[in-house]
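1. Need a 3D model of the sequence below.
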Amino acid sequence: MGGTRISVLGLDPVEERLYRHFLRNPETTDDNVHLLLHASPEAAHAALDRLTDLGLLQRSGTGALTATDPGLAVDRLSRLRLQSLHEELQQVTQSRWLIDELRREQGARSCPAQDVERLEVLAEIRTRIDDLAFFARHEILSAAPYTELTPENIAHARPLDARCLRRGVRIRSLILGRALDHPPTAGYLHELAAQGAEIRITDELSERILLYDRQTALVPADPADTSRGALVTRQPGLVANALALFEKLWGEASELPGPADLAANGAHRLSVTEQLVLAEMCRAGKDEIGARNLGISVRTYRRHIAKILRTLGAGGRAQAALLARERGWI
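-> Numbering: from 1, shown residues only. The predicted structure is shown next:
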């Protein structure tokens with residue numbers, strides 16, 4: 001007989017045979033029923049007791065037994081089984097929190113875990129990234145110099161990102177500003193921002209960094225050739241260095257412009273830092289002086305100026321100053 005058997009709902013074979021027997025033979029007694037089932041009397045009595053407790057068998061005043069209507073029986077078993085599965089799932093997910101406790105049990109005398117793990121297969125890297133995101137509890141930081149996301153990338157990332165944000169995981173993503181020139185990518189980034197993700201853009205970004213809960217870092221094995229795999233580490237010193245680099249890049253980046261800004265201007269508005277650089281550019285004679293006044297490096301100062309020129313569509317600094325005054329930016 002095809003289809004799902006009652007056993008999937010939590011009945012053992014003896015209990016299932018008993019229930020089916022009394023469906024076929026209502027208002028009969030359980031005398032020597034174990035003989036029909038080819039089971040021991042003890043097993044038959046235990047099965048009868050459980051079916052009665054579950055409400056799948058009802059005994060009349062004469063001692064005869066009748067099976068409950070199949071619709072009611074399956075509904076009752078389904079609810080009980082779902083409740084049991086839900087409790088099991090909770091126990092499985094909560095078991096992740098045992099890791100810290102078990103590691104404390106290891107103590108300092110145990111052999112140290114591998115500090116750095118190398119992943120070389122792309123599918124393995126993607127799986128590890130998915131796992132790290134799935135089990136992140138507090139924060140996910142990412143820096144990636146992509147210029148566009150494929151529809152497959154977006155479809156794969158959307159449920160994981162949404163799940164993290166719903167659970168209250170803070171997401172901060174640093175991307176290249178050029179990615180906003182790709183409408184599907186820009187649309188997805190604005191979708192994430194609307195759900196609570198924090199996204200900043202920058203004109204120059206070569207670093208690829210993923211950080212999870214400030215405890216695990218994933219970086220390319222060779223920054224110049226990502227096809228050579230990735231490194232995963234929980235070594236505190238390495239994670240701290242990756243975090244410091246991310247925070248530096250984050251502090252120099254601009255806020256994600258809203259869809260209306262992109263549509264109206266066709267370009268990004270200036271960040272607070274860029275507005276200060278613009279004012280210094282119009283006031284200071286030398287880049288070294290402007291950079292020193294703002295407390296940033298000359299290289300960073302010039303990078304902001306290059307971004308300002310592109311934003312304004314200016315061919316030089318003098319034209320940029322003129323256009324900025326026309327727009328009321330200075």
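2. Just the C-alphas of stretch 116-134, formatted as CSV.
-> Provided in CSV are the C-alpha atoms of stretch 116-134 (Å, rounded to 0.1, in the frame of the first residue of the first chain):
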residue,chain,number,x,y,z
VAL,A,116,43.8,29.1,10.5
GLU,A,117,41.9,26.8,8.1
ARG,A,118,42.3,27.0,4.4
LEU,A,119,39.4,26.4,2.0
GLU,A,120,40.2,25.9,-1.6
VAL,A,121,37.0,24.7,-3.3
LEU,A,122,34.5,27.4,-4.2
ALA,A,123,31.5,25.4,-3.1
GLU,A,124,33.1,24.7,0.2
ILE,A,125,33.8,28.4,0.7
ARG,A,126,30.2,29.3,-0.1
THR,A,127,28.9,26.7,2.3
ARG,A,128,31.1,27.9,5.1
ILE,A,129,30.0,31.5,4.5
ASP,A,130,26.3,30.4,4.7
ASP,A,131,27.0,28.5,7.9
LEU,A,132,28.8,31.4,9.6
ALA,A,133,26.0,33.8,8.6
PHE,A,134,23.3,31.3,9.8
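3. Mind listing what's buried along that stretch?
-> Judged by neighbour count using 16 or more other CB atoms under 10 Å, the buried positions of stretch 116-134 are Leu119, Ile125, Arg128, Ile129, Leu132, Ala133. Any C-beta I mention is one placed from the backbone N, CA and C, and that applies to glycine too.
4. Also stretch 55-75?
-> Under the neighbour-count rule (16+ other CB under 10 Å), stretch 55-75 has Leu56, Leu57, Leu65, Ala67, Thr68, Ala73 buried.
5. and the gap between the last one and Leu80?
-> The gap separating Ala73 from Leu80 is 11 Å, by CB to CB, to the nearest Å.
6. what do you get for the fifth one?
-> According to CB to CB, Thr68 and Leu80 sit 13 Å apart.
7. Contacts only, for the residue nearest to Pro41 when sequence neighbours are not counted.
-> Leaving aside its sequence neighbours, Pro41 sits nearest to His34 (CB to CB, 6 or more residues apart in numbering; 4.9 Å). Applying CB atoms under 8 Å, 6 or more residues apart in numbering to His34 gives the contacts Ser40, Pro41, Ala43, Ala44, His45.
8. I'd like to know which of those are buried.
-> With burial judged by 16+ other CB under 10 Å, the buried subset of the contacts of His34 is Ala43, Ala44.
9. The contacts of His34 in helices, which ones?
-> Secondary structure from DSSP state H places Pro41, Ala43, Ala44, His45 of the contacts of His34 in helices.
10. with these in mind, which one is nearest to Ile296?
-> Sorting the ones in helices among the contacts of His34 by distance to Ile296 puts Ala43 at the head of the list, at 80.0 Å, by CB to CB.
11. circling back to that earlier point, for the residue nearest to Pro41, pull up the helix or strand it's in.
-> helix 33-37 (DSSP states H and E).
12. One more: Gln90?
-> Assignment of secondary structure by DSSP H and E places Gln90 within helix 70-94.
13. can you list contacts of that helix?
-> Residues outside helix 70-94 that contact it (CB under 8 Å, 6+ apart) are Ile6, Val8, Leu9, Gly10, Leu11, Tyr19, Leu23, Leu54, Gly55, Leu56, Ala67, Thr68.
14. Low-confidence ranges, this protein, go.
-> Residue ranges of the chain with pLDDT under 70: 1-5, 92-101, 103-114, 259-270.
15. related to what we said a few turns ago, out of the ones in helices among the contacts of His34, which is nearest to Tyr212?
-> Relative to Tyr212, the closest of the ones in helices among the contacts of His34 is Ala43; by CB to CB it sits at 50.8 Å.
16. Identify the residue nearest that closest one in space, chain neighbours excluded?
-> Val14 (5.5 Å).
17. burial count for that neighbour?
-> 20 (other CB atoms under 10 Å).
18. which secondary structure elements does the strand or helix carrying it contact?
-> Per DSSP H and E: Val14 is located in helix 13-24. Using 3 or more CB pairs under 8 Å, 6 or more residues apart in numbering; DSSP states H and E as the contact test, the elements touching helix 13-24 are helix 33-37, helix 41-54, strand 57-59, strand 65-67.
19. Could you tell me which residues within the helix holding His34 count as buried?
-> Val33, His34, Leu37.
20. Ok, stretch 74-89 next?
-> Residues of stretch 74-89 classed as buried by neighbour count (16+ other CB under 10 Å): Leu77.
21. Stretch 288-304 too?
-> For stretch 288-304, burial by neighbour count (16+ other CB under 10 Å) applies to Gly290, Ala291, Leu294, Ile296, Thr300, Tyr301, Arg303, His304.
22. all strands of this structure, in order?
-> If you assign secondary structure with DSSP state E, the strands in the chain sit at 57-59, 65-67, 116-119, 139-144, 170-176, 198-202, 209-212, 216-220, 230-233, 254-255.
23. Stretch 142-159: end-to-end distance?
-> By CA to CA, to the nearest Å, the extent of stretch 142-159 from end to end equals 17 Å.
24. got the contact list for Lys307?
-> Gly177, Asp203, Ser254, Glu274.
25. how close does it get to Ala64?
-> For Lys307, the distance to Ala64 - CB to CB - is 87 Å.
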